[in-house]
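J.: Have a look at this fold, sequence not included:
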């Protein structure tokens, strides 16, 4: 059996009881380690589970799937994923390989940022399409996430922005020379994401475009959600540019239309004056 | 401390280790029991947790919040929610009352249908706004969910349809006479939801409206997701009208545009001919 097990978002004890029992019964346990990170490290997990973990980086998952699935028809193998196995990313390819090889698989779900973000006070069913915000380079500054946010906002919907993670990336030079030397991991902060959004807004305003959001749009920055050290900060986009929410992982939410109960919940973690630019659409709807 | 603890979607062992430790340390434990149901009952949870649970129905949560929060500043109280505390519904009101009373609160997240639905093979970040499908009556047949689905599909996005639950509902007669007699619980099936959608499609076609989805649109029915008895069935809307996925809870997904990897994943649980009406938009995009 191939078990795909979600680890949730916090520390080692955020695994489900069912997941922990499965981990302890498996003969091999892989830890997927390139689409997200847990706030505790591999060693802490190994100690808590009482099991050795094999780090599964992108190369192993994409090219070494046969190794992961080896003998999984006669023994139990676990593949651990931070959050939920089908959360922010999918491991469809591994599942399809298992299915094609006649290996049964079982998913043990857990919280992911996709649902845990509801704790900021915004109702999950009022979210539109999720977007990814990637690190800009000197020559590559995609803006498609801004357009998706604008589309969601036009429909009154909130947008969860997943922020870029660079783990085990090679510099272009090292890649060209075939040197397996990797850059230190990088994680986009709420502040960096807000700054990229501000740049897009400035550029488009100069071009005379009608704006889908502005510097005053109310946003929510979240960091290390689900852990004991989580931080939630609600402010205007302008305010979030200068917020410091500490270590990874960060996500950003851009609000759409707000119900008064959502406004009350946002107030719990709001910067001073953060909600003062809200406009009333009708007695049960606000926007910024 | 007020703990809001997600129970996940399956049986008693789907609680997280952190959640279980918190439950066992609390002096009072409430089980929210009107927005969802676990596939095991209250007694199974009590036995597994070694704790007595107080069923919190809608009346208690909405009118008896003071009772729930009593002494929570000096003792620990747990409020258990199937799925995630901020999943398909929110308990913002309880949280706000705690905040206003100066009672600290902590959320222990878990899987909800909002993220676990990813196991059907559709990518979570390609979902648009979530909709609720309510039971129609003789005189009340709202169609707003159809319009939201159409809007999502026009944007290429999938739609998660949460299906109606009626727990502890009074008949109109009993309500008018002030008799606290409740109807047996009812849970909308995938088949019932598909049937209501078909009726809307027929009616709108007769009116000459351009349709946002048809009988051939590929949908996914899911039942008891996350439990050992989960069922996933992919078929055209027409096929799902006659599917029988067994006991509650059910949800329905209406697909938007599909990536080839999503199509491959859907095939794992597909009815014969379910995917034969797919049209290729380009080499990496299909729709139905």
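T.: Arrived safely. Computed from a prediction, not measured in an experiment: that's the story for all the values here.
J.: show me the biggest helix of chain A in terms of residues.
T.: helix A:190-206 (DSSP state H).
J.: Mind listing residues that contact the lowest-mean-pLDDT helix or strand in chain A?
T.: Using mean pLDDT, DSSP states H and E, the weakest-scoring helix or strand in chain A turns out to be helix A:58-63, at a mean of 81. With contact meaning CB atoms under 8 Å, 6 or more residues apart in numbering or on different chains, helix A:58-63 is reached by A:30, A:32, A:34, A:54, A:67-68, A:91, A:93-94, A:168. No exception for glycine: its C-beta is placed from N, CA and C like everyone else's.
J.: After that helix, heading C-terminal, what element do we hit next?
T.: Proceeding N to C from helix A:58-63, the next assigned helix or strand is helix A:65-69, under DSSP states H and E.
J.: The least confident helix or strand of chain A: which residues count as buried?
T.: For helix A:58-63, burial by neighbour count (16 or more other CB atoms under 10 Å in any protein chain shown) applies to A:60-61.
J.: Please indicate which of the contacts of helix A:58-63 are buried?
T.: So, by 16+ other CB under 10 Å, the buried ones in these are A:30, A:32, A:34, A:68, A:91, A:94.
J.: Closest to chain B out of the contacts of helix A:58-63?
T.: residue A:93 (7.2 Å; CB to the nearest CB).
J.: Assumed that closest one was part of a helix.
T.: Yes. Counting by DSSP: H, G, I helix; E, B strand; the rest coil, residue A:93 falls inside a helix.
J.: doesn't residue B:262 make contact with it?
T.: No. If you go by CB atoms under 8 Å, residue A:93 and residue B:262 don't touch, sitting 11.9 Å apart.
J.: so what sits against both of these two?
T.: Residues touching both residue A:93 and residue B:262 by CB under 8 Å, 6+ apart: none at all.
J.: Mind checking if the longest helix of chain A is in reach of chain B?
T.: No. Judged by CB under 8 Å from any CB of the partner chain, helix A:190-206 and chain B are separated, with a smallest distance of 15.9 Å.
J.: buried ones in that helix?
T.: A:190-194, A:196-198, A:200-201, A:204.
J.: Output these as a markdown table; include the columns pLDDT.
T.: Formatted as a markdown table, the buried residues of helix A:190-206 follow (pLDDT from 0 to 100):
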| residue | pLDDT |
| --- | --- |
| A:190 | 98 |
| A:191 | 98 |
| A:192 | 98 |
| A:193 | 98 |
| A:194 | 98 |
| A:196 | 98 |
| A:197 | 98 |
| A:198 | 98 |
| A:200 | 98 |
| A:201 | 98 |
| A:204 | 97 |
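J.: which residues of the stretch 51-200 of chain A fall in strands?
T.: A:54-56, A:77-81, A:105-108, A:131-133, A:159-163, A:165-166, A:186-187 (DSSP state E, counting those that start in this stretch).
J.: care to break chain A down by domain?
T.: Chain A breaks down into these domains under the TED database: A:2-111, A:114-287.
J.: quick one: which of those domains has the weakest pLDDT on average?
T.: Among these, domain A:2-111 carries the lowest mean pLDDT, a mean of 91.
J.: mind listing what the residue lying closest to residue A:56 once chain neighbours are set aside touches?
T.: Closest residue to residue A:56 apart from its sequence neighbours, by CB to CB, 6 or more residues apart in numbering or on different chains: residue A:30 at 4.3 Å. If you count contacts by CB under 8 Å, 6+ apart, residue A:30 has them with A:53-56, A:60, A:68, A:77-80.
J.: Those, buried ones only, as a PyMOL selection?
T.: Of the contacts of residue A:30, the buried ones go into a single PyMOL selection, burial set by 16+ other CB under 10 Å:
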select buried, chain A and resi 53+56+60+68+77+78+79+80
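J.: okay but residue A:217 is in contact with residue A:255, surely?
T.: Yes. Judged on CB under 8 Å, residue A:217 makes contact with residue A:255 at a distance of 7.0 Å.
J.: When the two are compared, which one has more neighbours?
T.: Neighbours per residue (other CB atoms under 10 Å in any protein chain shown) separate residue A:217 from residue A:255, with residue A:255 holding more: 28 against 22.
J.: got a list of what the spatially closest residue to residue A:149 that is not a sequence neighbour touches?
T.: Leaving aside its sequence neighbours, residue A:149 sits nearest to residue A:159 (CB to CB, 6+ apart; 4.6 Å). By CB under 8 Å, 6+ apart, residue A:159 lies in contact with A:127-131, A:148-149, A:152-153, A:253-254, A:256.
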